[in-house]
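Peer 1: Next comes the sequence, and after it the predicted model I'd like to discuss.
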Amino acid sequence: MLDELRNAREELDDLVVVALFAAFEQQLLDHFESVVREVRRSTQNPLHRRIFHERLQKPRYWRLYEILDCYKAVADPNAIGEIKQIYQYRNWVAHGRREKRPPSTSPESAYARLKGFLEQIYELG
C-alpha cells in the first residue's frame, strides 16, 4: 500500500510539472509575441519591415528551443538550460515515458525556475 501511495504521489508530481510548464509556455509565448510586435512597429526601413514580416510573422509557430535561445541575449544562459531540461522532462511525461528518462524535477523546483525566468524577462519590458 505504501508503494502505491508513493507511485501516486510521483504521478501527481509529474502531472503538476506538465501543468506548470503549460502555463509557463503560454506566458513565454505571450511575451515573445509582444516583443515581436514591438520590433515590427519600431522599424521604418522597408527592407527591415519586410524581413521582420517574413521571419517573425507567426512567432507562436517557432520551436520552443528557438524562442528560448533568443532570450540568451538578455537572460542567464544557465537558467535557459534549466528551462530546457524541465521541457525535456515535461515532454517525457506527456508523451508516454517511452524513451530514456531525462533528469527529473520536482514541482517546487520547476515552479521556482519557471517563475524566476518569467520575472526576469518581464522586468526587461
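Peer 2: It's in.

Peer 1: now for the lowest-mean-pLDDT helix or strand in the chain, which elements pack on it?
Peer 2: Every helix and strand of the chain was ranked by mean pLDDT, DSSP states H and E. The lowest is helix 46-56, at a mean of 76. Helix 46-56 sits against helix 2-42, with contacts defined as 3 or more Cβ pairs under 8 Å, 6 or more residues apart in numbering; DSSP states H and E. Heads up, the C-betas are built off the backbone N, CA and C, glycines and all.

Peer 1: what pLDDT, on average, does the helix it packs on get?
Peer 2: The average pLDDT within helix 2-42 is 91.

Peer 1: Let the chain start at 687 from now.
Peer 2: Sounds good: first residue 687 from here, last item helix 688-728.

Peer 1: quick one, it and helix 732-742 angle?
Peer 2: Angle of helix 688-728 versus helix 732-742, following axes from the mean of the first three to the mean of the last three Cα atoms, to 10 degrees, is 160 degrees.

Peer 1: hang on, L810 packs against A759?
Peer 2: No - in this structure L810 lies outside contact range of A759 using Cβ atoms under 8 Å: 10.0 Å.
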